[in-house]
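K.L.:
My questions concern the predicted model and sequence given below.
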Number of protein chains: 2
Amino acid sequence: MIIIINLKTYQQGKAVIKLAKKIQKVNNKIIIGAQASDIYELAKQTKLKIFAEHVDPYEPGRYTGFIIPEAVKKDGAIGTFLNHSEHKLDFKTIKKTLKRCKQIKLKTAIFVKNLKEAKKIEKLKPDYLIYEPPELVAGKISVSNAKPEIIEKIAKKLKMKFLVGAGIKTKEDIKTSKKLGASGIAVSSAITKAKDPEKSLKNLIE
Amino acid sequence: MIIIINLKTYQQGKAVIKLAKKIQKVNNKIIIGAQASDIYELAKQTKLKIFAEHVDPYEPGRYTGFIIPEAVKKDGAIGTFLNHSEHKLDFKTIKKTLKRCKQIKLKTAIFVKNLKEAKKIEKLKPDYLIYEPPELVAGKISVSNAKPEIIEKIAKKLKMKFLVGAGIKTKEDIKTSKKLGASGIAVSSAITKAKDPEKSLKNLIE
């Protein structure tokens, strides 16, 4: 079971390191998504698998203000998210960025909003594909409750493994997602906004 | 004389720290622009004034894949660039980002392409305003050679101090810029692409 925790921009600096250490205590095989500005310290202070939350498709050179794949890799990230519903990219940009990431062996986890997008992105052969219906992201209803038939359909129509995310909060959500064909889950607010993140994570995955 | 060196994305990780240390040896009052991913280490290992090359206008929270002002400030940046010709923003976004930066006391250096944009941005009261004609950025002809009359005009029409940049490579460029009314200069390739950055910087500013 692959578990991704997207830290988004809820915390920065020391606070995010503290949170990551709590996550690590529960399970150090978890993938976390981090702001580029936090990756260096997270890689130094934890053994978690760190993904940037986004990178731009450019080569080293000009491109003032962009974050290139080499930058996060050198800081210790092993991969990057792309195309999260809060940071949608056009297909051409996804393709270009994925190519650049493959060049430098930076893994990619690409978010998709539906089966159609999943099939299109699958052709690009990312390392991970994550189905998150945008309307459920950071919401109260979980993807496994709201979209079981789509998860099943994706499992049938895709050749590659995939994860699901959006609104996942309980052990039951994970169990259902697994049963429907998902190989992993992506969460965010259930952990990042929890009063006791360690306890919440334990309750969720143990 | 304010000197800004925009490191762009020419180098990352250890290489950019090495370059920054060379810059510091020549003058530790210099402002450098850095990728968000490099700020933490640069702040720890040098005494240079570090500006992010860009930040997004969001609050801590969701916003997967964006870099918020708090993130670079906590890493040790004292300011941020905005609206570089390689990373243009619409006026609304500049205004919103500047407001967020002021809330957390992160300084702002805003690039403008002409007098019209300079006058518009001046009203937002950024800490620095940098005139760079986009067609000269990373080119062979310096702004002081190509646009002396515009620099003079900006000096006359603006109330706030301003810097100039684009193609600046020689002591003479700096002298001319100063004479025309600029309070500082911004460079990039003259240092970042130099075979001997320390020597090039000495030749430029000493």
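P.N.:
Yes, it's here. Please read these numbers as outputs of a predicted model, since none were measured by experiment.
K.L.:
these two touch, right, residue A:200 and residue A:189?
P.N.:
No. Shown here, residue A:200 and residue A:189 do not form a contact pair, counting by CB atoms under 8 Å, at 10.2 Å. (Each C-beta comes from the backbone N, C-alpha and C, glycine too.)
K.L.:
Confidence-wise, which helix or strand of chain A is lowest on average?
P.N.:
Within chain A, no helix or strand scores below helix A:143-146, which has a mean of 92 by mean pLDDT, DSSP states H and E.
K.L.:
Next, count neighbours for the residue nearest to residue A:193 when sequence neighbours are not counted.
P.N.:
Counting by CB to CB, 6 or more residues apart in numbering or on different chains, residue A:193 lies nearest to residue A:10, which is 6.8 Å off, once chain neighbours are set aside. Around residue A:10 sit 19 other residues, with neighbours defined as other CB atoms under 10 Å in any protein chain shown.
K.L.:
helix, strand or coil for residue A:10?
P.N.:
Here residue A:10 is recorded as coil under DSSP: H, G, I helix; E, B strand; the rest coil.
K.L.:
wait, what's in contact with it?
P.N.:
Contacts here follow CB atoms under 8 Å, 6 or more residues apart in numbering or on different chains; on that basis residue A:10 touches A:16, A:192, A:193, B:60, B:61, B:62.
K.L.:
roughly how far apart are it and residue A:65?
P.N.:
23 Å (CB to CB, to the nearest Å).
K.L.:
do residue A:5 as well
P.N.:
Distance, residue A:5 to residue A:65, using CB to CB: 27 Å.
K.L.:
the helices in chain A, which residues?
P.N.:
With DSSP state H as the criterion, chain A has helices at A:14-26, A:39-45, A:69-75, A:91-103, A:115-122, A:143-146, A:148-157, A:171-180, A:189-192, A:197-205.
K.L.:
so which of those is the most packed in?
P.N.:
helix A:69-75 (a mean of 26; mean count of other CB atoms under 10 Å in any protein chain shown).
K.L.:
Other residues contacting that helix?
P.N.:
The contact list for helix A:69-75 (CB under 8 Å, 6+ apart) reads A:36, A:39-40, A:43, A:52, A:55, A:60, A:80, A:97, A:100-101, A:103-106, B:9, B:12-14, B:35, B:37-38.
K.L.:
List of residues touching stretch A:130-148?
P.N.:
A:4, A:84-86, A:109-114, A:118, A:150-151, A:154, A:162-170, A:172-174, A:176-177, A:180, A:182, A:186, A:188-189, B:62.
K.L.:
right, is stretch A:45-62 up against chain B?
P.N.:
Yes. Interface with chain B: stretch A:45-62 contributes A:52, A:53, A:54, A:58, A:60, A:61, A:62 (CB under 8 Å from any CB of the partner chain).
K.L.:
Quick one: buried ones out of those residues?
P.N.:
Of all the residues of stretch A:45-62 next to chain B considered here, the ones buried according to neighbour count by 16 or more other CB atoms under 10 Å in any protein chain shown are A:52, A:53, A:54, A:58, A:62.
K.L.:
Do you know the pLDDT at the residue nearest to residue A:193?
P.N.:
Reading off the confidence values, residue A:10 has pLDDT 97.
K.L.:
what does the one 5 residues further on give?
P.N.:
Model confidence at residue A:15, given as pLDDT, is 96.
K.L.:
from memory residue A:180 sits against residue A:151, does it?
P.N.:
Yes. In this structure, residue A:180 sits in contact with residue A:151. The criterion is CB under 8 Å, and the distance is 4.1 Å.
K.L.:
Common neighbours of those two, please.
P.N.:
A shared contact of residue A:180 and residue A:151, defined by CB under 8 Å, 6+ apart, is any residue touching both; here these are A:144, A:164.
K.L.:
Not counting stretch A:178-187 itself, show me its contacts.
P.N.:
A:1-6, A:128, A:130-132, A:144, A:148, A:151-152, A:154-156, A:161-166, A:168-169, A:173-174, A:177, A:204.
K.L.:
Equivalent analysis for stretch A:101-114, please.
P.N.:
A:4, A:31, A:33, A:51, A:55, A:69-70, A:72-73, A:77-85, A:94, A:97-98, A:118, A:121, A:124, A:126-134, A:150, A:163, A:165.
K.L.:
What's the PyMOL syntax to select whichever of those residues are buried?
P.N.:
PyMOL command restricting these to the buried ones, with burial defined by 16+ other CB under 10 Å:
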select buried, chain A and resi 4+31+33+51+55+69+70+72+73+77+78+79+80+81+82+83+84+85+94+97+98+118+121+124+126+127+128+129+130+131+132+133+150+163+165
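K.L.:
Of the contacts of stretch A:101-114, which belong to strands?
P.N.:
Counting by DSSP state E, those place A:4, A:31, A:33, A:51, A:79-82, A:128-131, A:163, A:165 in strands.
K.L.:
Residue A:166: what's it in contact with?
P.N.:
Applying CB under 8 Å, 6+ apart, one finds that residue A:166 lies in contact with A:132, A:133, A:134, A:136, A:137, A:138, A:139, A:142, A:143, A:186.
K.L.:
confidence score at the fourth one?
P.N.:
If you check residue A:136, the pLDDT there is 91.
K.L.:
how close does the closest residue to it other than its chain neighbours get to chain B?
P.N.:
Closest residue in space to residue A:136, ignoring its immediate chain neighbours: residue A:166 at 3.8 Å, by CB to CB, 6+ apart. Residue A:166 sits 12 Å away from chain B, taking CB to the nearest CB, to the nearest Å as the criterion.
K.L.:
With residue A:5 instead?
P.N.:
Summarising the geometry, the distance separating residue A:5 from chain B, computed by CB to the nearest CB, is 12 Å.
K.L.:
Same check on residue A:89?
P.N.:
In this structure, residue A:89 and chain B are separated by 9 Å, where distance is defined by CB to the nearest CB.
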